[in-house]
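1. Based on what follows, work out the 3D shape:
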Amino acid sequence: MLSRVLGAVSLSFMAVGVTCLSLFAVATVDASYSARAATSAFDRLRQQVMQEQPDQELWSDGRRAGYMESLAAEFDAPPALLRIPAIDLTVPVFEGTSELVLNRGVGRIEGTARLGSDGNVGIAGHRDGYFRGLKDLQPGSVIEVETLEGPAVYRVSDITIVYPEDVYVLDPTDEPAITLVTCYPFYFVGHAPQRYIVRAVLDDGRTLLSERGVDRISPQPINTRSTRSEE
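-> Purely as a prediction, here's the structure:
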């Protein structure tokens, strides 16, 4: 009698073990499939953005020519895409800030935080190209950054005008942030003497707000005071 009871208990434990192993296997396969699906979706999105002709209505003639020349060059796949719904901008984010890179997209500034990580990610773009529309941003505007790790949403917290030596704007931050940098004034003839800085901090929601309507925060006045007085 006892042996039959022990045998039944043993079979029960074996059944539970098999069930657990099966559930673990299913979960592992599902996670692997989800990761591959996310990677595939991001690759398709990157390819689509790279193939689309950007809106160049506000671009200078020289920047349009630079963009056309950049199409003949080979680039590594951009690690991120930058979206600013308020100015209808979607642009690939490459590593580095060479002239070739900034003619083809925008670039992560060397020495700043990595894309998709915490800290202050510096991103540079030309004032007469992709970043000309920054002139129309306001505090509260949404900025989206999408990487292989998924989407992240930021809100513009501050807009300032500084001089090239004011590199403190790229210092590390305690909170996840991105800092967009372009030359200023936007329509200056020659080498622009100042820099236009857009700082945005991570939105707690961490979801793509452009899918639900953007800029629900009322815009605030822009701080255009330089860190130095005019001489």
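
2. mind checking which helix or strand of the chain has the lowest mean pLDDT?
-> helix 2-51 (a mean of 56; mean pLDDT, DSSP states H and E).

3. Can you name every helix or strand that the helix or strand following that one contacts?
-> The helix or strand immediately downstream of helix 2-51 is helix 61-70, counting by DSSP states H and E. The contact analysis (3 or more C-beta pairs under 8 Å, 6 or more residues apart in numbering; DSSP states H and E) places helix 61-70 against helix 99-104. Just so you know, the C-beta spots here come from the backbone N, C-alpha and C atoms, and that holds for glycine as well.

4. if you average pLDDT over the helix it packs on, what comes out?
-> Here helix 99-104 scores 96 as its mean pLDDT.

5. The helix or strand just after it pairs with which strands, parallel or anti?
-> Heading C-terminal from helix 99-104, the first helix or strand you meet, by DSSP H and E, is strand 106-108. Next to strand 106-108 in the sheet, as set by DSSP bridges, lie strand 89-95 (parallel), strand 120-124 (antiparallel).

6. List the contacts of strand 106-108.
-> Strand 106-108 has contacts (C-beta atoms under 8 Å, 6 or more residues apart in numbering) with 79-80, 82, 91-98, 101, 114-115, 121-125, 130-131.

7. Can you say which of the residues you listed are buried?
-> Buried members of the contacts of strand 106-108, scored by 16 or more other C-beta atoms under 10 Å, are 79-80, 82, 91-95, 97, 101, 115, 121-125, 130-131.

8. May I have the biggest strand by length in the chain exported as CSV, CA atoms only?
-> Counting residues, the longest strand found in the chain (DSSP state E) is strand 150-162. The C-alpha coordinates for strand 150-162 follow below in CSV (Å, rounded to 0.1, in the frame of the first residue of the first chain):
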residue,chain,number,x,y,z
GLY,A,150,12.9,50.5,-27.5
PRO,A,151,11.5,54.0,-27.6
ALA,A,152,12.1,56.8,-25.0
VAL,A,153,10.3,60.1,-24.8
TYR,A,154,11.8,63.4,-23.6
ARG,A,155,10.2,66.8,-23.0
VAL,A,156,12.1,70.0,-23.7
SER,A,157,12.9,71.6,-20.4
ASP,A,158,15.1,74.5,-21.5
ILE,A,159,16.3,76.4,-24.6
THR,A,160,19.4,78.6,-24.3
ILE,A,161,21.9,80.4,-26.5
VAL,A,162,25.6,80.0,-25.6
